[in-house]
Every structure is written in C-alpha cells, then in structure tokens.
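>>> mind looking at a prediction? Sequence and model below.
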Amino acid sequence: AAARLCRGRCRALLARPAGALRALRGLAAGPEMHFGFQTVTEEERREKIYQVFESVAKKYDVMNDSMTLGIHRVWKDILVHKMNPSPGTLLLDVAGGTGDIAFRFINYVCSVRERQLQRKLKHHQNLSWQEIFESYQKDKFNSLGDSQVVVCDINREMLKVGKQKAQHLGYTEGLSWVLGNAEELPFDDDMFDVYTIAFGIRNVTRIDLALQEAYRVLKPGGRFLCLEFSHVSNPVLSKLYDLYSFQVIPVLGEVIAGDWKSYQYLVESIRRFPPQEELKAMIEDAGFFKVDYENLNFGIVAIHSGFKL
Amino acid sequence: VRCQHYPPLRALQASAVLRRVSDEHKKEPLTSSSQQHFDSPPAGHQPEQEPQGPHPSYTGQGGQESEDYESEEQLQHRILTAALEFVPEHGWTAEAIAEGAKTLGLSVAAAGMFHSDGSELILHFVSECNAKLSKLLEKEQKLVQLGEAEKKPIDAFLRDAVEARLRMLIPYIEKWPQALSVLLLPRNIPSSLNLLTSMIDDILHYAGDQSTDFNWYTRRAVLTGIYNTTELVMMQDSSPDFEDTWRFLKNRVADAMTMSNTASQVQSTGEAVVQGLMGAAVTVSSAETSRAVR
C-alpha cells in the first residue's frame, strides 16, 4: 500500500513541472499523448476527441448496435444490475452522452420501487379505505423514490442527442443533463452515491485526474463503476477480435456513419488503453478500496468497481 | 450529522471513512481527549486499538497502516452489525445492508460491497450468536468453578445451552426461514456448516466432554440433530414464548440420554448374556465330563 501511495504521488509530481512549463511557454506543445496509434499533444488530443464525438453523435447508438451486434445493451444491463441501486440513490453518469446508463438506472429503480410498494401494501391489509387512499396518494408521486441521475458529458452534441432520446422515450423526471469535463467536474465534494463511466474513460486525456475527481464527488461509502473495453488474454480469441476490429468496424463506420477515421480511432484507442490490472492499480492510487474487476466476454469488456471508504 | 469534524486529508490520498472510524475507536475508551488523533497515536494507545468483540483483527493494508486505520473487514463487520436492526423490516437482503450503511453515515451504495442475496449478513449474524453463546457458557463455567453455582447435570446443561442459542433468533424469527434457505445455497454450505460444527463443539466442550474415542463423533452428530430439528420446530411454533419448542427440546435431549443409557445397558446386558452362556457351556461340559467319568 505504501508503494501504491508513492506511485500516485510520483505521477502527480511528474505532471506538475510539465504544466508549469506549459504555462511559461504560453501556448505550445504539452506532453506527448496517444490518439489511437498517432502521437499528439494533450490539447490536440482533446480537440480531436471532441471532433470525433461531435461527428458521430447522431449515429452513435446505431453504430454501437451494429459494431457489437447489440451486445453492448447486455453489457450496460449487467453494469446496472451490478450496481443494484436502491430507490433514493443519486447517480452521476459521466461521459454518459446519449443516456443509455441513465435510462437503465431509472428503469431499474422504478421496478424496485414498485416491488417495495407492493410489499408495503401486502402488510397493510387491515387499513381503512381512507388510509389506503392516503398512502397511495403519497406514493404515487414518488415512483422513483427520490432517485436521481445526473448525466454529465463534455460534448454538447452528445448531450443534445441524449435529451432528444429522453423526450422520445418518455423519461421526464429524475434526469439532469450537465455539460462538464471528467477531469474537472462542476460538482461539490461528497455528493453522489454512485459514479459510473461507461465507454468513456478511454477518451479522457488524463485518466488519473478523472479518477481523482470521481473520488472527490463521491460520498463516503460511494461506489465507482467503470465499464470499458479491455484486453483479451485468450490468444485465439484475441486474433479474431483484432481481425474483426481492424477490418470490419471502420468499414461499418464508413458505410453507416460516413466516418471511417472516427471508428479507426475507436479501435486504436481500445488497443492503447491500459489492461485490467493496470487500471485497477490506477483506481487504487486514486484512493478507492475494494477495487475489483469483472471480465465480460473473455475480456473484451471489463467492469471495474471501487469504493470510497 | 456524524463525523463532520473529521475532514479527510486528501493530500495523503488517505481513506476517508476508515480512518475516521479508527478515531472513534480511540475516542471512546479515552477520557482525556487529545488533539493528536490524525497523527500516528502514541504507543500507549495501541492496546485500545483492539477491535470490539471477538472479531479477529485483520490487517487490511500493510503492517504500518493497521495501527492507525481499521481494515476493510472491520468496517464491513460494523456495517453488517448496523444492518441487523433493519432485518425484521426488510429481511436478509441488500436493502437491510444499505439501511445499515446509512446509519453509519455511509452512502447506500456501500451495500454493493456485499453479495446481493444477503449471505454475508446471515453468516455474520450466525457467527455473532455463536460468539455470544460461547461467552455465556464461559461465564457459567466460571461461576461453577468459583463455587457460586451448581454444576448442572448434562441433560439440563445441553437443554439450556441450545435454548439460549435458539432464543437469540427470536427477534428475527419471521425472516429466519429465508435465512435458512440462503444458508443452504451451495456457495454458503462450507461456511454455514463450519459455523454449526464449531458451535456444537463449543457446547460439548463446556459440557465437559472428555471423550477421545468414537463417542466424540456420535455425540456431536446427536447434538447437531437435536439442534437442527428444534430450530425447525421453532419456525412453526406459535405458542406463547415458544413453550412447545422447549418441550420438544426437552424430550429430544431426554431421548438422547436414554439412547446412550440404553446403549451402555445393552452393552452390559450383552456382556452378562455372554458370561451366562459361557457359564452354561462350562456347566454342561463339566456335567458331560463327570457323566463320562462315571
């Protein structure tokens, strides 16, 4: 544990001189980063990623379905089941753009709440009609049980698509849409019960900052959940996965969304992302306890979980 | 509301909750409050760092940190203990654990540390009950050793021990069938079996069981059978203060005593019969011999 703390502090120390230099020079190149398989500066990377999502925003959901053959829905379902939120939970969904996790959260909480109400009614078999009427009134306006989800995304286009989807699907209450940067969240400390980031942390330029921000905004006892593409250790599967990724996905991107390069970036960024154990160490560095990960589909996707204790 | 005056020292990336809690530990036994709580405590405070109750103290992180911080296991124990008071309302579920976490000032999401079927909560409760029983039996034994109480005959001792242990279920009796079914899940069987056998061992140890032969297994098996059947009877019992259950228990223990008496009686009768036969054989053969001689 002492070694882990040291590593975290060292990383912070290394970052500071670079930032100071940058400030001195005014503009100019920051440290070299990866953008897919290219090497760019920090600012360039942020710009490029913003443009990627700006251009794919409208076709984001369609592309997800076609690339993953609809399996991404199952992954997101598993994430929300793992979260097992109870009514009254306050969720922050970062990089949640089109609202997939947020909608699933609301559905889950609503069904749990319904079951709770049914159980309560079963106990109240001996009430008068007046009492039943009153309790029904009280609970009717509380179908979510005070649960709320804040969807935060850095990209305006993605948020716009998300809001339209919400309207279209009929989600009216319990949702908020906030424009914000995962590395610098516009929220107070100790606010949220759960922080999720689904397929977003890969696109964050400074993952350590995002993790520190996640730690900051979570309440004590709060949970961090990260759903992300990860590394496949099985060699046979890995070959097939590579083949599919590099040959099929960019083509689909061109055909469906008219954007080869964005999907080339997507596939390359998956390869550049740290593997399961390394991400687990980074999460522990940020101060989380009981950090663990669960591989889905042999490591194509992994869910990392940590608690702020 | 709680712990507002313990701001986490984020510069050290230290735990926000675990450290706070260990400061509470330190505050309770001390009467003179020292402001040095955030730094490493002076050596004299370390004996008071022992966790409450019979829980073994696990070192969660490195050896250094176990002095200042409670480990994750200890925090989990506290959450589960706090969750027990919500069991009558919510059952042995993640909801009860979430409510328990809330009372400790943690987010409801902390319940995610445990399995969603409440297994850990039930196992925690069972081990707590066993620990309480142990302490009770030890106290009674001390009283007997000091001469302040009479040594009970073995059947009364077993009856009282099993009754005391089963009475601990009474506050949760409505939801206990659910707990029993969870304890029988394949995943939980090793732990639940372990807890059951160690409890039975405890009872028989304090009952003064010194046997080293095959009887050791027989006795445990018999007592386990008595305990399990009485527990099941208790689930369906609606008599005032569970009188029917205690009567059932009394009968079963009496049966077991009779059985062991019968067994030893059978053995001695068997020996007597064999001796009788041998005597008869000797008499007949000597009669034959004497007739042959005449």
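Okay, I see it.

>>> how close does the closest residue to chain B within the stretch 151-300 of chain A get to B:Ser181?
As assessed by Cβ to the nearest Cβ, chain B sits closest to A:Gly221 within the stretch 151-300 of chain A, at 2.8 Å. C-betas here are computed from N, CA, C, even on glycine. Applying Cβ to Cβ, to the nearest Å, the value for A:Gly221 to B:Ser181 is 29 Å.

>>> ok, those two, which is more surrounded?
A count of neighbours by other Cβ atoms under 10 Å in any protein chain shown puts A:Gly221 above the other of A:Gly221 and B:Ser181, at 26 against 11.

>>> centroid residue for chain B?
B:Asn130 (1.5 Å; Cα atoms, centre = their mean).

>>> can you give me how far the helix or strand where A:Tyr293 lies is from the chain middle?
Take DSSP states H and E as the rule and A:Tyr293 turns out to sit in strand A:289-296. Centre-to-centre, strand A:289-296 and its host chain are 15 Å apart (Cα atoms, centre = their mean, to the nearest Å).

>>> ok, stretch B:221-236 next?
Computed by Cα atoms, centre = their mean, the chain-centroid distance of stretch B:221-236 equals 15 Å.

>>> how close does the nearest residue to A:Ser262 once chain neighbours are set aside sit to chain B?
Among residues not flanking A:Ser262 along the chain, A:Val52 sits closest, at 4.6 Å (Cβ to Cβ, 6 or more residues apart in numbering or on different chains). Distance of A:Val52 to chain B, computed by Cβ to the nearest Cβ, to the nearest Å: 32 Å.

>>> ok, now which ones touch A:Val52?
A:262, A:265-266 (Cβ atoms under 8 Å, 6 or more residues apart in numbering or on different chains).

>>> what about the closest residue to A:Gln116 other than its chain neighbours, which SS state?
Among residues not flanking A:Gln116 along the chain, A:Pro87 sits closest, at 6.8 Å (Cβ to Cβ, 6+ apart). Secondary structure for A:Pro87, judged by DSSP: H, G, I helix; E, B strand; the rest coil, is coil.

>>> does A:Pro87 touch A:Gln148 like I think?
No: using Cβ atoms under 8 Å as the test, A:Pro87 is too far from A:Gln148 to be in contact (10.6 Å).

>>> which of the helices and strands in chain B ranks last by mean pLDDT?
Least confident helix or strand of chain B, by mean pLDDT, DSSP states H and E, is helix B:65-68 with a mean of 46.

>>> what's the following helix or strand after it?
Next helix or strand after helix B:65-68 toward the C-terminus (DSSP H and E): helix B:72-83.

>>> tell me what that next one is packed against?
Packed against helix B:72-83 by the contact rule (3 or more Cβ pairs under 8 Å, 6 or more residues apart in numbering or on different chains; DSSP states H and E) you find helix B:17-27, helix B:94-103, helix B:119-145.

>>> how about these in a markdown table, adding distance to A:Val80 and mean pLDDT?
Formatted as a markdown table, the helices and strands packed on helix B:72-83 follow (distance: least, Cβ to Cβ, whole Å; pLDDT from 0 to 100):
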| stretch | distance to A:Val80 | mean pLDDT |
| --- | --- | --- |
| helix B:17-27 | 25 | 52 |
| helix B:94-103 | 14 | 93 |
| helix B:119-145 | 22 | 94 |
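
>>> just those: most buried one?
Among those, helix B:94-103 has the highest mean neighbour count (mean count of other Cβ atoms under 10 Å in any protein chain shown), at a mean of 23.

>>> can you list the domains in chain B?
Per the TED database, the domain ranges recorded for chain B read B:72-116, B:119-280.

>>> which stretches of the stretch 151-294 of chain B form helices?
Under the criterion DSSP state H, counting those that start in this stretch, helices of the stretch 151-294 of chain B are mapped to B:154-167, B:176-183, B:189-206, B:215-236, B:243-293.

>>> if I pick whichever residue of the stretch 51-200 of chain B sits closest to chain A, what's in contact with it?
At 2.8 Å from chain A, B:Leu106 is the closest residue in the stretch 51-200 of chain B, using Cβ to the nearest Cβ. Listed by Cβ under 8 Å, 6+ apart, the contact partners of B:Leu106 are A:219-221, B:17, B:79.

>>> pLDDT check: weakest of the residues you listed?
Least confident of these in the model: B:Val17, at 72.

>>> which residues touch that residue?
B:Val17 sits next to A:220-221, A:308-309, B:75, B:105-106 when contact means Cβ under 8 Å, 6+ apart.

>>> before we move on, back to that, need the three-state assignment for the residue of the stretch 151-300 of chain A closest to chain B.
strand.

>>> got the residues of the stretch 51-200 of chain A near chain B?
Within the stretch 51-200 of chain A, the positions near chain B by Cβ under 8 Å from any Cβ of the partner chain are A:82-86, A:88-89, A:193-194.

>>> pLDDT and neighbour count added to those residues, as CSV?
CSV is the format used below for those (pLDDT from 0 to 100; neighbours: other Cβ atoms under 10 Å in any protein chain shown):
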residue, pLDDT, neighbour count
A:Lys82, 94, 15
A:Met83, 93, 23
A:Asn84, 93, 18
A:Pro85, 92, 26
A:Ser86, 89, 24
A:Gly88, 88, 16
A:Thr89, 93, 27
A:Asp193, 95, 26
A:Val194, 96, 25
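
>>> which two in the residues you listed are spaced the farthest apart?
The span of these, defined through Cβ to Cβ, is set by A:Lys82 and A:Gly88 at 18.4 Å.
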